[in-house]
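Asks: predicted structure and sequence below. I'll ask about it afterward.
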Amino acid sequence: MTSNFWRGFWRLADPKISLTSAAAIYIGASVAAGDGPFSWTWLALTLLAFFAVEVAKNAWGDVYDYDSGVDLAVSGEDRTQFSGGKRVLVDRLLTRRQTWGMAIGFGLTGILIGVVIVMFREPNAFWIGLVGFAIGWSYHGPPFRLVYRGWGEAVVVLIYGPTVALAAYLIQTHQLSWQVFWLSLPLGIVIGAFLWVNEFPDYRADRSGGKFNLVARLGRRRASRILPLIYLAAFVVLAAVPLTGLPQTVWLGGLAAIPAAYASYQVWRHPETFHRSRPVQPAALVTFLVYSAGAGTGVLLG
């Protein structure tokens with residue numbers, strides 16, 4: 001039973017997904033490092049706060065996806081390391097009480113760290129934290145259940161791009177920045193593309209459980225034709241970012257076009273089955289990591 005508990009915790013912590021927050025924080029921190037004094041302590045607390053909220057969101061999301069029947073409907077051949085839910089309830093790694101306990105415990109931890117940041121570092125971080133936590137709950141939770149109504153992709157673009165990056169920048173510099181907004185917007189878009197790719201394996205299960213994200217609404221074939229356009233939008237924005245005053249070295253983020261092109265090609269050709277034999281989901285993850293590393297390091301080099 002103890003081993004099941006820790007396996008369940010590891011699934012909810014899911015470092016693969018937590019990398020989304022870390023990638024956005026790196027963008028905000030990279031710009032902040034060039035704009036004034038930099039605090040590693042407050043950066044670490046920012047990372048911990050977002051990590052705690054991520055675990056909480058994964059926990060309550062697993063409960064709601066279990067109750068809707070979505071996780072139960074995912075077939076064995078369509079389940080991957082990147083989709084199909086955390087399945088801590090389906091696989092009986094955690095009880096419902098334990099899962100809610102993690103949701104509440106990590107949620108309160110994130111809130112407590114946020115209070116420390118607001119009281120001792122940056123009062124205006126309260127508003128970003130409030131909006132972020134409310135949207136994090138509403139992604140799966142009632143009354144809005146955004147991901148079930150086709151708003152999940154837009155939420156991911158805005159939260160894991162500008163919102164998290166601006167929060168990291170604000171905590172360091174006590175101000176907001178349009179440069180951070182525009183540099184982080186392509187990151188949000190490519191993270192949204194990562195979600196888009198991960199929705200393909202769950203297509204049938206999502207529709208059966210009433211989880212009508214955009215891939216479930218469009219169908220896999222039509223959705224596969226949109227993926228390249230999503231990536232294209234991100235790189236078009238990146239191309240214009242130096243107009244904000246940031247150095248052209250941010251174009252190092254354009255290296256992400258390589259895994260993005262691979263993912264787009266495979267999804268276009270095999271929209272029904274790519275997840276069973278081709279590393280498209282890992283390529284989509286590498287895309288946003290390369291963008292973050294390239295664009296953020298480009299700021300530092302410039």
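Replies: Perfect, I can see it now. This is a predicted model, so every value here is computed, not measured.
Asks: ok, residues contacting the strand or helix carrying residue 204?
Replies: Assigned by DSSP states H and E, residue 204 belongs to helix 203-208. By C-beta atoms under 8 Å, 6 or more residues apart in numbering, the residues outside helix 203-208 that reach it are 69-71, 73-75, 78, 84, 199, 211-213, 215-216, 219-220. Heads up, the C-betas are built off the backbone N, CA and C, glycines and all.
Asks: make a ChimeraX selection of the buried ones in those.
Replies: Selecting only the buried entries of the contacts of helix 203-208 in ChimeraX, with 16 or more other C-beta atoms under 10 Å as the criterion:
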select :70,71,73,74,78,84,199,211,213,215,216,220
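Asks: hmm, which two among the contacts of helix 203-208 are most spread apart?
Replies: 71 and 219 (21.4 Å; C-beta to C-beta).
Asks: from the contacts of helix 203-208, pick the one nearest residue 277.
Replies: The closest of these, once distances to residue 277 are taken by C-beta to C-beta, is residue 78, at 12.3 Å.
Asks: nearest spatial neighbour of that closest one, chain-adjacent residues omitted?
Replies: Of all residues not flanking residue 78 in the chain, residue 201 sits nearest, at 4.5 Å (C-beta to C-beta, 6 or more residues apart in numbering).
Asks: so which strand or helix has residue 223?
Replies: Element membership for residue 223 (DSSP H and E) is helix 220-240.
Asks: ignore the last one, residue 130
Replies: helix 125-140.
Asks: mean confidence score for the next helix or strand after that helix?
Replies: Using DSSP H and E, the helix or strand that directly follows helix 125-140 along the chain is helix 152-158. Mean pLDDT, helix 152-158: 95.
Asks: and the contacts of the next helix-or-strand element following helix 152-158?
Replies: Where DSSP H and E defines the elements, the next helix or strand beyond helix 152-158 is helix 164-173. Residues outside helix 164-173 that contact it (C-beta under 8 Å, 6+ apart) are 21, 24-25, 27-29, 31-33, 35-36, 38-39, 42-43, 46, 50, 117, 121-122, 124-125, 128-129, 132, 175-177, 180-181, 183-184, 187.
Asks: tell me the angle of helix 164-173 relative to helix 125-140?
Replies: For helix 164-173 against helix 125-140, the angle by axes from the mean of the first three to the mean of the last three C-alpha atoms, to 10 degrees is 160 degrees.
Asks: buried stuff in the helix or strand following helix 164-173?
Replies: With elements assigned by DSSP H and E, the helix or strand that comes after helix 164-173 is helix 178-199. Neighbour counts over helix 178-199 (16+ other C-beta under 10 Å) mark 179-199 as buried.
Asks: repeat for stretch 230-242
Replies: Buried, per 16+ other C-beta under 10 Å, within stretch 230-242: 230, 231, 233, 234, 235, 237, 238, 241, 242.
Asks: between those residues, which sits nearest residue 279?
Replies: Nearest member of these to residue 279, counting by C-beta to C-beta, is residue 231, at 16.8 Å.
Asks: show me what contacts the closest one?
Replies: Counting by C-beta under 8 Å, 6+ apart, residue 231 makes contact with 189, 190, 193, 257, 260, 261, 263, 264, 287.
Asks: quick check: the gap between it and residue 123.
Replies: 38 Å (C-beta to C-beta, to the nearest Å).
Asks: from what I can see residue 109 touches residue 52, true?
Replies: Yes - the criterion here is C-beta atoms under 8 Å, and residue 109 meets it with residue 52 at 4.2 Å.
Asks: and those two? which has more neighbours close in?
Replies: When neighbours are counted by other C-beta atoms under 10 Å, residue 109 and residue 52 differ, and residue 52 comes out ahead with 21 against 17.
Asks: just the pLDDT at that one, thanks.
Replies: Taking residue 52 on its own, its pLDDT is 95.
Asks: again, but for residue 1
Replies: As summarised for this prediction, residue 1 has a pLDDT of 61.
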